[in-house]
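Novice: Okay, sequence plus prediction incoming.
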Amino acid sequence: MTPEGPAYEKRLSQQERSYSEHATGLGRYKILTAPSDIGKEKALSLIEEPLDESHYTLLVSETGMVVTPDQQVLCILLKARLWPELLESVRPIVRKAARQPVAGGNRGDAAGTGMVPRKRKNGSLTNMKGVPRLQDLSDEDYQRLKPAKGGTFGYNARDLRGGQVYPCRLTAYSGALPSELRLMSELAKEVAEALRYSLVQDRWETQFKKASQTPPAFLLKTRDGHTPFTTITCNKSWRTAAHVDKGDLKEGFGAMCCLGDFEGCDLVFPRYRTAVRYREGDILLANVANEVHGNTPLLNPDGTVPKLNRVPERLACVFYYEENMDQCLRTPEEEMEFVNNRKERDPIYPKKKKKS
Ligand SMILES: O=C(O)CCC(=O)C(=O)O
Ligand SMILES: [Fe+2]
């Protein structure tokens, strides 16, 4: 039994859960207005800063929705939507996908360090940028980033990295076994259904329409059909600094879940002085592609501050539709061929054929 009712035992569909929650009116499904709006500029000026209790006055920890003072949906928390067996089966896969150190990576805002020119082994600077490596971090950044890992699962769009064009492809975690892809797609399906039957259904529709125009080879899908997601960002024990998600469809809506036994790491939206406490089993829908957000410190399950080498494991998954993936060719093979035959000055994406 959860505070939200015996959801796991009955295994209701996401649609049934949504209908019953909405039907309770304000009884169980709280609709709250964010306490204030500090303005876009002020929120953007916080990017790269670590966030904490000083950045919010409203903390949401029950099923419901937060709207901004001008009535835009900021986030929707759906408690206890994912059942334990599914979470157990994906836990090792998320852990494997989130295996790259954040230090030395390419998410400078969320790392809280910005991007600096990468160094060669001999110490000279290259013209590529990245998050500084651990040995080059300040003490404070070192503490925060030492345990932090990240990675993606699913598919990535064609892009240019270090002067080289990469095709639309299975992501960096290319060792994914078919069974792993199947399980993660099951998780994506549940999250997608929760989004579909939420109060931001219009955002699901926009995203699903985009996905319908995308080659199915590059969508997360199950036997029941495709989801509106191409990609899942997986983080491990990473307290993100203030950032706005990049590369995901801005007209869609972010969807996330997390796994682990921990306290803290609440997700703060400093512009609206609002934080959300989501935990294992919950689904959080949030406007992370457009609004500044970041986590409070990650704490031990008993609320104490962890020692450097004993940080609890918190796995987070962010599901999204990666921009431009509707321009991918039909198969990975066609993508490879395109990239191999592309002349240096050709655009990365060829002009779209006009429909006759
Ligand atoms: O871990 C979280 O709660 C948020 C993660 C996030 O915002 C991101 O990876 O972009
Ligand atoms: Fe984010």
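Specialist: Sure thing, it's come through. Residues are numbered from 1 along each chain as shown. Ligands and ions are numbered 1, 2, ... in the order given.

Novice: Please report the distance of Ile47 from Leu87.
Specialist: Distance from Ile47 to Leu87, counting by CB to CB, to the nearest Å: 32 Å. Any C-beta I mention is one placed from the backbone N, CA and C, and that applies to glycine too.

Novice: Beta-bridge partners for whichever residue of the chain sits closest to ligand 1, please?
Specialist: The nearest approach of the chain to ligand 1 comes at Ala316, 3.4 Å away (CB to the nearest ligand atom). Beta-bridge partners recorded for Ala316 (DSSP bridges): Asn235, Cys258.

Novice: My guess is it contacts Trp238. True?
Specialist: Yes - under the criterion of CB atoms under 8 Å, Ala316 makes contact with Trp238 at 7.3 Å.

Novice: Tell me who's in contact with the most centrally placed residue in the chain.
Specialist: Among the residues of the chain, the one closest to the centroid is Val318, at 2.1 Å (CA atoms, centre = their mean). Neighbour list for Val318: Ile232, Thr233, Asn235, Asp245, Gly254, Ala255, Met256, Val288 [criterion: CB atoms under 8 Å, 6 or more residues apart in numbering].

Novice: In what element of secondary structure is it found?
Specialist: strand 314-320 (DSSP states H and E).

Novice: Can you list the low-confidence ranges for the chain?
Specialist: Low-confidence segments of the chain (pLDDT under 70): 1-10, 25-27, 172-175, 351-356.

Novice: now do 50
Specialist: 1, 354-356 (pLDDT under 50).

Novice: quick one: the helices in the stretch 101-250 of the chain?
Specialist: Assigned by DSSP state H, counting those that start in this stretch, the stretch 101-250 of the chain shows helices spanning 108-111, 139-145, 178-196, 201-212.

Novice: And Ala275, how far from Leu195?
Specialist: In terms of CB to CB, Ala275 sits 21 Å off from Leu195.

Novice: go on, Phe262?
Specialist: As judged by CB to CB, Phe262 and Leu195 stand 25 Å apart.

Novice: Pick out whichever of the two has more residues nearby.
Specialist: Neighbours around Phe262 and Leu195, counted as other CB atoms under 10 Å, are more numerous at Leu195. The numbers are 28 against 21.

Novice: list the contacts for the more buried one?
Specialist: By CB under 8 Å, 6+ apart, the residues touching Leu195 are Arg203, Trp204, Gln207, Pro228, Phe253, Ala255, Leu285.
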